[in-house]
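Enquirer: would you be able to build a 3D model of this:
(one chain, ligands or ions: 1)
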Amino acid sequence: MGVLDGKVAFITGGGSGIGRGTAERLAREGANICIADIDVEGAEHTASTVREFGRDALVVKVNVASQPQLEDGVARCVKELGRLDISVANAGIGRAGSVLDMSLKDWQDQVDINLTGVFLTVQSTAREMVRLGNGGRIICMSSLAAENTGANSWSYSATKAGVRMMVRGWAQELGVHGITVNAIGPGVIDTPLAHGLAGDEGGPIRTALEERTPVGRAGRPSDIAGLIAFLSGPDGEFFSGSYLLMDGGLRDAGRGWAAGDPNDPVTQERMRHMAAGEQRRARLQPLIDER
Ligand SMILES: NC(=O)c1ccc[n+]([C@@H]2O[C@H](COP(=O)([O-])OP(=O)(O)OC[C@H]3O[C@@H](n4cnc5c(N)ncnc54)[C@H](O)[C@@H]3O)[C@@H](O)[C@H]2O)c1
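Expert: Down below sits the predicted model:
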């Protein structure tokens, strides 16, 4: 028996990283899961783990920048899994770039997915929750980057700061329907998105990060998943309109692992990860453009 027995969670970006960790954790707590992602292969992988826990899993191919796709995905979730109790607006991308160089396309993709995508996810799931009348829990993915930024991360930060503020307004409106809305601010969590910041286990980036982080390690998807499980369960009932930073203490510890010297091993490892990140982007970009 888990604290979420019989509940249904709709998770965007559930095919990788934090979203996958969340799907697995909520399933362990008893929830059935709808995984909404552009990456069906990744989502199916998550679904198979959810089923191993004896829970129902449904994969819906959804681009969060598309209102019709989201509405269709949410409708299928309710029809096939029977209800909707938890919504995790997690899908997001990062596009680094200076103000002089960033293309309008990179800016727009980030706004469409990280900001409009969160709005559309919350709107479509909250409408169903209000219609069903059982209340609900909504968790939106912000970031430590909503508080800290830099010459290359300002555009990502702008979207994450927007999420942090939007939940405050939504919490005001949705409380009367028994729906809570909160934002989470992860620090550096080792996922494909942030692998260049977390580095390889035992490598120079990871070592520098571990030295900087007060708790002495990189974040794991399971850390954030645990917080989402808490907010989704009975102990989370009195949180609404909040932003919960979960960064192992990194915010106030500086950004010293982001070195720039090309002979520095940290920089060299970063360059390798950037190349791998470009390859992943080349795979996902056509799916992002398909809406
Ligand atoms: N990893 C970190 O350190 C970190 C820190 C702070 C915030 N975050 C945020 O957490 C969230 C999850 O990030 P992650 O690190 O797990 O990344 P990830 O890249 O591992 O996973 C993101 C998932 O979202 C999906 N996705 C991307 N664009 C989509 C779209 N338009 N529609 C539907 N699905 C889409 C991808 O296919 C992927 O499965 C993001 O919002 C990210 O900004 C991550």
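
Enquirer: excluding its backbone neighbours, what's nearest residue 28?
Expert: Once its chain neighbours are removed from consideration, residue 28 has its nearest residue in residue 53; the separation is 5.6 Å (CB to CB, 6 or more residues apart in numbering). Heads up, the C-betas are built off the backbone N, CA and C, glycines and all.

Enquirer: my guess is the one you found contacts residue 29. True?
Expert: No - under the criterion of CB atoms under 8 Å, residue 53 is not in contact with residue 29, lying 9.3 Å apart.

Enquirer: of the two, who's got more company?
Expert: residue 29 (22 against 18; other CB atoms under 10 Å).

Enquirer: what residue ranges in this protein score low on pLDDT?
Expert: In the prediction, the chain carries residues with pLDDT under 70 at positions 254-261.

Enquirer: spell out which parts of it neighbour the ligand.
Expert: With the criterion set to CB under 6 Å from any ligand atom, the chain comes near the ligand through 12-13, 15-19, 37-39, 42, 62-65, 90-93, 113, 117, 141, 143, 186, 188-189, 191-194, 284, 288.

Enquirer: and the buried ones among the residues you listed, selectable in PyMOL?
Expert: Selection of the buried residues among the residues of the chain next to the ligand in PyMOL, burial being defined by 16 or more other CB atoms under 10 Å:
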select buried, resi 12+13+15+16+17+18+19+37+38+39+42+62+63+64+65+90+91+92+93+113+117+141+143+186+188+189+191+193+194+288
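
Enquirer: count the residues that sit near residue 214.
Expert: What residue 214 shows, counting by other CB under 10 Å, is a neighbour count of 11.

Enquirer: wait, doesn't it sit right on residue 248?
Expert: Yes - the pair residue 214 / residue 248 is scored as a contact, 6.3 Å apart, by CB under 8 Å.

Enquirer: hey, which helix is longest across this protein?
Expert: Looking across the chain with DSSP state H, the single longest helix is helix 265-289.

Enquirer: so what's the nearest residue to residue 37 once chain neighbours are set aside up against?
Expert: Residue nearest to residue 37 in three dimensions, not counting chain neighbours: residue 15, with 3.7 Å by CB to CB, 6+ apart. By CB atoms under 8 Å, 6 or more residues apart in numbering, the residues touching residue 15 are 35, 37-46.

Enquirer: of those residues, just say which sits nearest to residue 125.
Expert: Using CB to CB, residue 35 is the member of the contacts of residue 15 that sits closest to residue 125, with 13.8 Å.

Enquirer: cool, thanks, talk later.
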